[in-house]
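Undergrad: need a structure here:
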Amino acid sequence: MFLKQIANADLAQYAYLIGCQKSGEALLIDPLQDIQQYLEIANADGLKITAVAETHIHADFISGAQAFSKYDPGILLYLSDEGGDFWRSEWALGLSAYRPMKEGSIIKIGNLSLNVIHTPGHTPEHVAFLLTDMGGGADEPMALFSGDFLFVGDVGRPDLLEQAAGFSGSQQEGAHDLFHSLQKLSRLPEYIQVLPGHGAGSSCGKALGAVPSSTLGYEVRFNEALKFALQGDKDSFVSYILDGQPEPPSYFARMKKINREGSGNQMVRNDVSLLSINEVERGIVEQGWVIVDTRPLEAFIPSHIRGSQFVSREYFSDFAGSFLEPEAKLVLVAEDNLRAREVLVSLKRLGIDHVMGFVHPDSFDDFSESLKHSIPSMQASDLEESALDEKRLILDVRKATERKGFKYQSSLHLPHARTIPDLREVPLVPLVIHCQSGLRAAGVASFLLRKGWQDVRCALGSPLSLRKVVPV
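TA: Numbering: from 1, shown residues only. As a prediction, the model looks like this:
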């Protein structure tokens, strides 16, 4: 048997390639849409991907299942048929390779067998896969591909459909479903390997561990959410799991829709052209092109092109999904063509497709003076005094869980992940924006300046100073 976890650090996401070395067949679970990477891995190990499976309809990236179906229509598509008609992958329903899965369905890949378990809660259609290596003589499962149902140190959040996609009342129902799904784990042996769909950094849970895998026995002992569920007190579990969940990025609703209905643009190109200064200036002035600036914060704040959107490299998908509209025409700031292609592919994973080309940061001096810009900044430790002196509104763009510990008395709260949908809540007054370091503040500041705010400042560094804040 061949088993490989394929990690994407930007999305904190795991795909899995499982192969039968005797037959040469392989199954791919939860791939991204840039499928070439998986084909190369399989080929290097003498395997051919003959099937693709999804644990659920994803909300944080465009799935690669449709791209595989276009690459080779003979690749089997194992997609959930649980949760009701609305939660089916509509794009696949008429395809000859579509294989709907329900509780108890079996997927065979050579001498490997995967038993399908319906595990609703994170989403109604969610399934997990129990792997048995029959070619090795086993008659009991060895691993659980748990998707976004069970993580290392956490469980899948049940509130995303309500908080991100607007399905009112669904989080309570999801939490109850998740409670019952987790109790199914008590029937499995403790030695089962837990192979999750995400790790630390994902917005699909609130306390995901950084370790890429675990065992069920370890999680039963030390995973607080799972322990709550297995103790059998449903009300306590529901209260625990819904409390303190981070604000989901606003692009999640759009990803859910694309992955359910399908997209006409599934093959990811990796070519991006270097643009001339004249081309970029004309595009900014005449067509409203947006510069996507991924340089370090200390380089962006004092010098960038007017109308640029700051997108932190460290949290690329989070920032891009929170601040970039899918219809925007984008110009990337990149040191070379290789870096530009990397950014292009990362954007396309989020359904952001309109990249016009890239510019080199060393060319900024050649732009017209009218297009050069900077964002005034101050140290966060001086934030409240400066804001009061200048009659500025303090805009706090941290998560609600961060704000629980302290807040500035005169501040307005707008979590950075909710900038696009909640923009109308921000008054057109002089602002100073703070987070915990300055990264999110710069992202929100550059977005507001693009949208017409005139007087915006950034607070850099940590704002923590107990004599200047009030407890909540």
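Undergrad: how deep is residue 12 tucked in, by neighbour count?
TA: Other residues within reach of residue 12, judged by other CB atoms under 10 Å, total 20. The way it works is simple: take the backbone N, C-alpha and C, and place the C-beta from them, glycine included.
Undergrad: wait, I meant residue 85
TA: Neighbours of residue 85 using other CB under 10 Å come to 8.
Undergrad: before we move on, what about residue 409?
TA: Counted with other CB under 10 Å, the neighbours of residue 409 add up to 9.
Undergrad: pretty sure it sits in a strand.
TA: No: read with DSSP: H, G, I helix; E, B strand; the rest coil, residue 409 is coil and lies in no strand.
Undergrad: spatially central residue for this structure, please.
TA: residue 60 (3.8 Å; CA atoms, centre = their mean).
Undergrad: what helix or strand does that one sit in?
TA: Taking DSSP states H and E as the definition, one finds residue 60 inside no helix or strand.
Undergrad: check whether it really touches residue 205, as I assumed.
TA: No: assessed by CB atoms under 8 Å, residue 60 is found out of contact with residue 205, at 11.4 Å.
Undergrad: ok, now which ones touch the residue nearest to the centre of the chain?
TA: 11, 13, 202-204, 249, 252, 255, 317 (CB atoms under 8 Å, 6 or more residues apart in numbering).
Undergrad: just the CA trace of stretch 364-372, in CSV.
TA: In CSV, the C-alpha atoms belonging to stretch 364-372 read as follows (Å, rounded to 0.1, in the frame of the first residue of the first chain):
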residue,chain,number,x,y,z
PHE,A,364,7.9,51.7,-8.2
ASP,A,365,10.2,54.7,-8.5
ASP,A,366,9.2,54.9,-12.2
PHE,A,367,5.5,55.4,-11.6
SER,A,368,3.9,58.8,-11.8
GLU,A,369,4.1,60.8,-8.5
SER,A,370,0.3,61.0,-8.4
LEU,A,371,0.2,57.2,-8.1
LYS,A,372,2.7,56.9,-5.3
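Undergrad: for the worst-scoring helix or strand of the chain on mean pLDDT, name the packing helices and strands.
TA: Lowest on mean pLDDT, DSSP states H and E among the helices and strands of the chain sits helix 383-389, with a mean of 72. Contact partners of helix 383-389 among helices and strands, from 3 or more CB pairs under 8 Å, 6 or more residues apart in numbering; DSSP states H and E: strand 393-396, strand 431-434.
Undergrad: looking at those strands, which is buried most?
TA: strand 431-434 (a mean of 26; mean count of other CB atoms under 10 Å).
Undergrad: packing partners of that strand?
TA: Helices and strands touching strand 431-434, by 3+ CB pairs under 8 Å, 6+ apart, are helix 383-389, strand 393-396, helix 439-450, strand 456-460.
Undergrad: right, and the ones you listed - which one's nearest residue 303?
TA: Nearest to residue 303 among the helices and strands packed on strand 431-434 is helix 439-450; the distance by CB to CB comes to 12.8 Å.
Undergrad: quick one: contacts of that closest one?
TA: 290, 293, 297, 300-301, 304, 307-312, 314-315, 319, 322-323, 373, 375, 395, 397-398, 414, 416, 419-420, 426, 431, 433-435, 456-460.
Undergrad: now list the buried members of these.
TA: Neighbour-count burial (16 or more other CB atoms under 10 Å) is assigned, among the contacts of helix 439-450, to 290, 293, 297, 300-301, 304, 307-312, 315, 319, 322-323, 375, 395, 397-398, 414, 416, 419-420, 426, 431, 433-435, 456-460.
Undergrad: roughly how far does residue 431 sit from residue 381?
TA: Separation of residue 431 from residue 381 (CB to CB, to the nearest Å): 18 Å.
Undergrad: please apply the same query to residue 457.
TA: For residue 457 relative to residue 381 (CB to CB), the value is 14 Å.
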